[in-house]
Each structure stands twice: as C-alpha cells, then as structure tokens.
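Engineer: Please find the sequence and the predicted model below.
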Amino acid sequence: MNDENAFSHIKTPITPDGRTGFNERGNLMAWTAPDESGAQSGYYIADVRPYKCYICDRGWGNTTEELLNQTQDASHPGQYMHKTCLYGHQKLVSRNQITDSLIAAGFLFDMTEIPARYPGSTPWQRVSVLLGDPDRTDSSFRIVMGRRRHVWELRLHGAGDLSDKFEDVKETKGYQEQSKEDPELGPYYLVHAWETDQMIDYLSRFWSAIPGLTPR
Ligand SMILES: [Zn+2]
C-alpha cells in the first residue's frame, strides 16, 4: 500500500501505538512497525474486537500485533480466527493424515518432523520404514512427505525407479513423477497425490517394492 495515499492515514487510532485505527473512510487499518529502512506495510483488517477466535475461543488484545493476527474461514465469512491458530490446526491435521495414511497402507514406521520443503506449507515428516520382524529392524527405506500447496508430495527413497509400479495412474489428476536427488538422503522417486486415498494407494505401491516387508 502506498504511504502517499490519503486514505492510508489513520484518523482515529484504536491501539496505544497509534498504528491501528480508522481512516477517513471509516475503514480499519493496521500498519506494521517500521523496518530498518523505515518502511511500513499497511493492511485493511476486520474489527475483530467483539469476536472470539473460532479455534481457541479467545479474543484479540488491543495491540497492532494482536489485531494483525487474524483471518477468516473463506467458507464462513465473518467467522474469525487467529492466523496462528489456523496454522496450528493445519499442522496437526496434516501430521494426522500422514500418520493415518501410513497405517492404512500397512507400514510399521518411525516418523521425524522436518521443516517444510515449500514456503508456507506445514511441517513435513521423514519416515523410516521398519520391517515386520520382532526387532522392528530398520529397512533403510525412507519416505519424506508433506503438503505442497494443494497436493501431497511423497519422496520415496531406496527403491530406485518405480515408474513401472505407477503405470496405471499416470493420467490421474494431480499425479506427477520424477526421479530426483536429495543432498542428505540420496536419490528418490517423487509422486504427487491429490487426495489422502491416493496417498494410501501410492504408499502401498512403494510398500510392495520393499523386500522383507510382510503384510500386517
Ligand atoms: Zn485463536
């Protein structure tokens, strides 16, 4: 937003720092604190002071930082949430969907959370596939998986080129495949799944390429 814009000036501040308030058109605005170069970003925001967050059931404190931490459910306009609460919810759902899909595909596994491989995504998981023996021996096969925008990305490590196992689904919506290299974990075979049932199917195809795995 341009600082020169007359409507960007706050006429009636509502926070003690004066960075949030109503402009002369009656729109509520919030300005970020100046960065090193003195630049600020301005946002039109909703007046969420009378509301409670749909997720945590708490309201908003009367500071610019608190009031900027807001978003609303696109399918339920007027139902406000903290941005941070929505992210926490998405993070939990994503991890649960990964865990449930691995179980549904029949894997025994250990899972470690790793940073998202794409900006704005929820954290990813690094999965070690365990064999079904009494010692739960590490198979050395790995799966690195998480959200990439609207699809699940599965990076299947240890089985080489899996293209023959995915022959019949290559026309499926959202499907992509590629052989790539991870600096730490080495080569992997990449597939994209649009829905969690596709993710379970694709995990099962990988599973069938791992020697020594016995169906549960
Ligand atoms: Zn909240």
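Structural biologist: The structure has been received and is ready for your questions. Residues are numbered from 1 along each chain as shown.

Engineer: Now do the helices in this protein.
Structural biologist: 64-68, 83-104, 196-207 (DSSP state H).

Engineer: Buried ones in the last one, by neighbour count?
Structural biologist: What that stands for is helix 196-207. Gln198, Met199, Ile200, Asp201, Tyr202, Leu203, Arg205, Phe206, Trp207 (16 or more other C-beta atoms under 10 Å). Just so you know, the C-beta spots here come from the backbone N, C-alpha and C atoms, and that holds for glycine as well.

Engineer: Equivalent analysis for the second one, please.
Structural biologist: Within helix 83-104, the residues that qualify as buried by neighbour count (16+ other C-beta under 10 Å) are Cys85, Leu86, Lys91, Ser94, Arg95, Gln97, Ile98, Ser101, Leu102.

Engineer: Provide the contact partners of it at residue level.
Structural biologist: Contacts of helix 83-104 from elsewhere in the structure, counted by C-beta atoms under 8 Å, 6 or more residues apart in numbering, are 53, 55-56, 69-71, 109, 111, 113, 122-123, 125, 127, 143, 145-147, 196, 199-200, 203.

Engineer: now the angle from that helix to helix 196-207?
Structural biologist: Here helix 83-104 runs at an angle of 50 degrees relative to helix 196-207 (axes from the mean of the first three to the mean of the last three C-alpha atoms, to 10 degrees).

Engineer: Select the longest strand from this structure.
Structural biologist: Longest among the strand segments of the chain by residue count, using DSSP state E, is strand 138-148.

Engineer: For it, which helices and strands make contact with it?
Structural biologist: helix 83-104, strand 124-130, strand 151-157, strand 186-193, helix 196-207 (3 or more C-beta pairs under 8 Å, 6 or more residues apart in numbering; DSSP states H and E).

Engineer: Quickly run through the sheet partners of the second one, with directions.
Structural biologist: Read it as strand 124-130. strand 108-114 (antiparallel), strand 138-148 (antiparallel) (DSSP bridges).

Engineer: gap between that strand and the chain center?
Structural biologist: 17 Å (C-alpha atoms, centre = their mean, to the nearest Å).

Engineer: PyMOL command to pick out the buried ones of the contacts of helix 83-104?
Structural biologist: A single PyMOL command selects the buried members of the contacts of helix 83-104 (16+ other C-beta under 10 Å):
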select buried, resi 53+69+70+71+109+111+122+125+127+143+145+146+147+199+200+203
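
Engineer: where in this protein is pLDDT low?
Structural biologist: 1-7, 173-175, 177, 214-216 (pLDDT under 70).

Engineer: Go again with 90.
Structural biologist: 1-9, 73-74, 77-78, 106-107, 117-120, 131-136, 149-150, 159-186, 205, 207-216 (pLDDT under 90).

Engineer: Domain-wise, how is it divided?
Structural biologist: Structural domains assigned to the chain are 6-81, 88-207, following automatic domain parsing.

Engineer: measure the most centrally placed residue in the chain to the ion for me?
Structural biologist: Of all residues in the chain, the one closest to the mean position by C-alpha atoms, centre = their mean is Thr122, 2.5 Å from it. Distance, Thr122 to the ion, by C-beta to the ion, to the nearest Å: 17 Å.
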